[in-house]
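Undergrad: Provided below are the primary sequence and the corresponding predicted coordinates.
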Amino acid sequence: MTVSPDLIGDRTNWKRRGGEPIFAPRNPWFPEWQKNSSWDWLPAALKSEQTKVVWVGPNKKWWDLAGPRKGRQGVAATTNFTGLGPAPFAHRYSEGPYVAGAILERVDTLKRLISFGVSINPNANATGPMNQSIFSYRLREAQWWESFSKEQWGMLGFFTRTTGWRWIKCILDPDQNLDFELDPNAFGNNMANYDMNLVAVDPYFYKWAISKTWRYPPDRTDKTDSQGFYYDDLSIVNKGTVASPPMYLVTCPGQAKIGDGPGGKLVPMVETITSDKFYVVNTNENELTIEGAVDPVDNPFYRFMRDAGLIDFWLHDIAELGLPLWRRWDDPYEFDYQIPPRTATTIKLAHNYPGAEITMFVPQRYEQAWG
């Protein structure tokens, strides 16, 4: 790009090296369209470097609590956020008369408690002073509390220019300080301040999972063994600051093999048929390892009937649905490998059905809201 000194003040006439103009002719219906093509011309809200904090409730309602759009929906954060640092943990020790000091047995990761204050319909409302009526306050407060639940999860999100968005799943804590000494509508204030307490049973912050698909090319035979299994490697990265157990989405029919880490054991998965469609392999030790797309529904009533030995007598249609995939797995195996933080890894995969696909997902987990 070449710029003449006399055109510094008129960027619309800048030209590329070939002489063609950088920008198309100005649209007379929208003459200011070019201002978003340069960082210096962006509105303050778009180029702000403030930390953004938002709450997205289980009802999908979005609330800007902090940042350049703070209070846009009529609720703004008023106090410090606590509980945003490294995941809470506790050391478990063994002590005794024959031990000098103590022995660190393990480190337990605990649930995260997050607290902050909010002002509902504040005087500095971003929506303008005309919305300070009693009706505005009452309606906004009703919408705010409808965005929280005792049973359903919401998402607390944080954004910085260096880390992007990170999200944590939270639920309302029973210990809520909802007392007030003065009527929120007294003297025309029409606002209220509350202390919010949230609980995150999963203490990590998440970004969008990284995924990559491995495919058995039907026309390749150079990496196929005598049993028809095609072997190849899949490389993927964990950008998070916490070790992450990968997940796999495997298509049917056929049988897959998944490596338990680089150079680890190749684990034969369950043999499937076309009607199984696909299944998920979750290597997290706290989750069900295999879950099929068409696994039969199981609920407390069916479990009671099965335990009573009456399911085959009364519920023939349920019995004919077949066993879930995890019960058809001949050699159940629990995966041990987790991808270390900030690390790229290569996993060996195999499948015996041409055209089959295995998609690998790596959750991106972080200790802190930013940093």
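TA: Right, received. Where do you want to start?
Undergrad: what about the closest residue to Thr160 other than its chain neighbours, which SS state?
TA: Nearest-residue entry for Thr160: Trp370, 4.7 Å, with adjacent residues in sequence omitted and distances by C-beta to C-beta, 6 or more residues apart in numbering. Where C-beta positions appear, they are placed from N, C-alpha and C, glycine not excepted. Recorded secondary structure, Trp370: coil (DSSP: H, G, I helix; E, B strand; the rest coil).
Undergrad: From Thr109, how far off is Trp370?
TA: As for Trp370, its distance to Thr109 is 20 Å (criterion: C-beta to C-beta, to the nearest Å).
Undergrad: Which residue ranges of this protein form helices?
TA: With DSSP state H, the ranges of helices along the chain come out as 134-146, 300-307, 311-314, 316-319, 325-328.
Undergrad: if you average pLDDT over each of those helices, which comes out lowest?
TA: Of all the helices of the chain, mean pLDDT reaches its minimum on helix 316-319 (a mean of 45).
Undergrad: how deep is the residue nearest to Gly154 when sequence neighbours are not counted tucked in, by neighbour count?
TA: Of all residues not flanking Gly154 in the chain, Gly57 sits nearest, at 4.5 Å (C-beta to C-beta, 6+ apart). Number of residues near Gly57 (other C-beta atoms under 10 Å) recorded here: 20.
Undergrad: Does Gly57 touch Ser147 like I think?
TA: Yes. Counting by C-beta atoms under 8 Å, Ser147 is a contact partner of Gly57 at 2.8 Å.
Undergrad: shared neighbours of those two, anything?
TA: Trp63, Gly154 (C-beta atoms under 8 Å, 6 or more residues apart in numbering).
Undergrad: Got the phi and psi for the residue lying closest to Arg328 once chain neighbours are set aside?
TA: Distances taken as C-beta to C-beta, 6+ apart put Val270 closest to Arg328, at 5.2 Å, once the chain neighbours are dropped. Backbone torsions of Val270, given as degrees, to the nearest 10, read phi -70, psi 150.
Undergrad: give me every residue that touches Val270.
TA: Applying C-beta under 8 Å, 6+ apart, one finds that Val270 lies in contact with Gln255, Tyr279, Ile290, Leu325, Trp326, Arg328, Trp329, Asp330.
Undergrad: now it: how far from Trp326?
TA: Applying C-beta to C-beta, the value for Val270 to Trp326 is 8 Å.
Undergrad: Same check on Lys70?
TA: Shown here: Lys70 relative to Trp326, a distance of 47 Å by C-beta to C-beta.
Undergrad: Have a look at these two and say which one is more surrounded.
TA: Legend: neighbour count by other C-beta under 10 Å for Lys70 and Trp326, higher for Lys70 (19 against 15).
Undergrad: right, and the more buried one touches Trp63 too?
TA: No. Using C-beta under 8 Å, Lys70 makes no contact with Trp63, being 10.0 Å away.
Undergrad: tell me the strands in the stretch 151-300 of the chain, going along the chain?
TA: Taking DSSP state E, counting those that start in this stretch as the criterion, the stretch 151-300 of the chain carries its strands at 154-160, 164-172, 192-200, 205-215, 230-238, 247-251, 256-259, 266-268, 278-282, 290-292.
Undergrad: Quick one: low-confidence residue ranges for the stretch 151-300 of the chain.
TA: Scanning the stretch 151-300 of the chain for pLDDT under 70 picks out the ranges 177, 181, 297-300.
Undergrad: which outside residues touch stretch 226-237?
TA: Here stretch 226-237 makes contact (C-beta under 8 Å, 6+ apart) with 210, 212, 214, 216-217, 220, 223-225, 246, 255, 257, 339, 343-352, 354, 358, 360, 362.
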